[in-house]
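Novice: Sequence isn't available, so here's the structure alone:
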């Protein structure tokens, strides 16, 4: 005969607050350093007596802490992990991207983050579509991990201006780094991509190929400051920039755009193209090849890339961008230094590199 264990609902209701209290206290002893990495925890009977709870409650707390990575089982007892989350787990946070402008980086950056984490023997938790008004995103998960000290620090990737005043930033009680910073946030360190040098190196490469008519392709329109920088650099290299040679396109429209451009007589179209968004590379390549363009003869092309590239282009484009692995390592180093109480720079500038300059 099947026996059914009866559960006392009153006992179940009272055990949850006790479990939460014991969990919070033990987690705090670990994150505060009272219980150090690799240190043995008190035995279960001692914890039962200390917190005045049952063996079941202590076991439930241990199960949660093990699942979170704070403790591990050993031959002679239970120990604090060698690298518990508050010391060895970094949060990589992506905001919502309603326009789909960061699809390439949202694919590549998490992959490179896991690669860096493996080499550093640490962990990375990725949070996507983080915004207070987006129910399907990881906003609540991130808040929960911050409150439970399950992270060593937070890396905000492409954090948008409309979230600069979000309560989440005031809630984070651990090191925070912006990567890259669209503009500074008070009291938040940031890794800054050297954009002007990016344009200069890219246009210089085109100039060395003999380009005199510069075309630009991006998804978003340039702000006046960026547009002025590009014009000034082009003038330095004696390149002309006709308004009809600068285009803003989605990936879905870039293929046909290239085919139309190549229908224009050679002397009336750009002989050099700078693609400023990695998401446009493949549709541009297929469009140029479909138009019969000879890359390197009819037109020279250099394109932004999230380096190191994990997926080669089907066309022989020169690639330039920022070493994502280097940027992530710097962010993690800053977080580690801050946790040790060391002084850190408020801004770290990262220069752009060509694909062939990546040595790792």
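Specialist: Received the coordinates, thanks. Fair warning: this is a prediction, and the values are worked out from it, not measured in the lab.
Novice: Roughly how far does the residue nearest the centre of the chain sit from residue 106?
Specialist: Central residue of the chain (C-alpha atoms, centre = their mean): residue 157, 4.4 Å from the mean position. Between residue 157 and residue 106 the computed distance is 8 Å (C-beta to C-beta, to the nearest Å). Glycine gets a C-beta too; all of them are placed from N, C-alpha and C.
Novice: shared neighbours of those two, anything?
Specialist: Common contact partners of residue 157 and residue 106 (C-beta atoms under 8 Å, 6 or more residues apart in numbering): residue 94.
Novice: picking up where we left off before, could I get the contacting residues of the residue nearest to the centre of the chain?
Specialist: Here residue 157 is in contact with 92-95, 105, 109, 179 (C-beta under 8 Å, 6+ apart).
Novice: Hmm, which of the residues you listed is lowest in pLDDT?
Specialist: Lowest in pLDDT among the contacts of residue 157 is residue 105, which has 78.
Novice: What is the neighbour count of it?
Specialist: 20 (other C-beta atoms under 10 Å).
Novice: which residues does it contact?
Specialist: Residue 105 touches 157-158, 278, 306, counting by C-beta under 8 Å, 6+ apart.
Novice: go with 10 Å
Specialist: Residues counted as contacts of residue 105 (C-beta atoms under 10 Å, 6 or more residues apart in numbering) are 94, 97, 112, 157-158, 277-279, 306, 321, 324.
Novice: separation between it and residue 128?
Specialist: Distance from residue 105 to residue 128, counting by C-beta to C-beta: 12 Å.
Novice: again with residue 179
Specialist: To residue 128, residue 179 is 15 Å away according to C-beta to C-beta.
Novice: So these two - more neighbours on which side?
Specialist: Higher neighbour count among residue 179 and residue 128: residue 179, with 26 against 18, using other C-beta under 10 Å.
Novice: Switch the contacts of residue 105 over to a markdown table; also include secondary structure and distance to residue 17.
Specialist: Output for the contacts of residue 105, formatted as a markdown table (DSSP: H, G, I helix; E, B strand; the rest coil; distance: C-beta to C-beta, whole Å):
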| residue | secondary structure | distance to residue 17 |
| --- | --- | --- |
| 94 | strand | 35 |
| 97 | coil | 40 |
| 112 | helix | 42 |
| 157 | strand | 37 |
| 158 | coil | 40 |
| 277 | coil | 51 |
| 278 | helix | 50 |
| 279 | helix | 49 |
| 306 | strand | 47 |
| 321 | strand | 51 |
| 324 | helix | 44 |
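Novice: Now render those as a markdown table, adding distance to residue 54.
Specialist: Formatted as a markdown table, these follow (distance: C-beta to C-beta, whole Å):
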| residue | distance to residue 54 |
| --- | --- |
| 94 | 42 |
| 97 | 47 |
| 112 | 46 |
| 157 | 44 |
| 158 | 48 |
| 277 | 58 |
| 278 | 56 |
| 279 | 55 |
| 306 | 52 |
| 321 | 57 |
| 324 | 49 |
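Novice: Of those, which is the nearest to residue 73?
Specialist: Ranked by distance to residue 73 (C-beta to C-beta), the contacts of residue 105 are led by residue 112 at 32.5 Å.
Novice: Nearest residue to the closest one in space, ignoring adjacent ones along the chain?
Specialist: Of all residues not flanking residue 112 in the chain, residue 324 sits nearest, at 4.5 Å (C-beta to C-beta, 6 or more residues apart in numbering).
Novice: what about the one you found, neighbour count?
Specialist: 25.
Novice: Surely it and residue 306 touch.
Specialist: Yes. Contact criterion C-beta atoms under 10 Å: residue 324 and residue 306 qualify, at 5.5 Å.
Novice: list residues touching both of those two?
Specialist: With C-beta under 10 Å, 6+ apart as the test, residue 324 and residue 306 both reach 105, 108-109, 111-112.
Novice: Identify those among these that sit within helices.
Specialist: Using DSSP state H, the subset of those located in helices is 105, 108-109, 111-112.
Novice: And these, which of them are buried?
Specialist: Among those, those buried by neighbour count (16 or more other C-beta atoms under 10 Å) are 105, 108-109, 112.
Novice: can you map out the helices along the stretch 151-300 of the chain?
Specialist: 167-171, 195-208, 224-236, 251-261, 281-290 (DSSP state H, counting those that start in this stretch).
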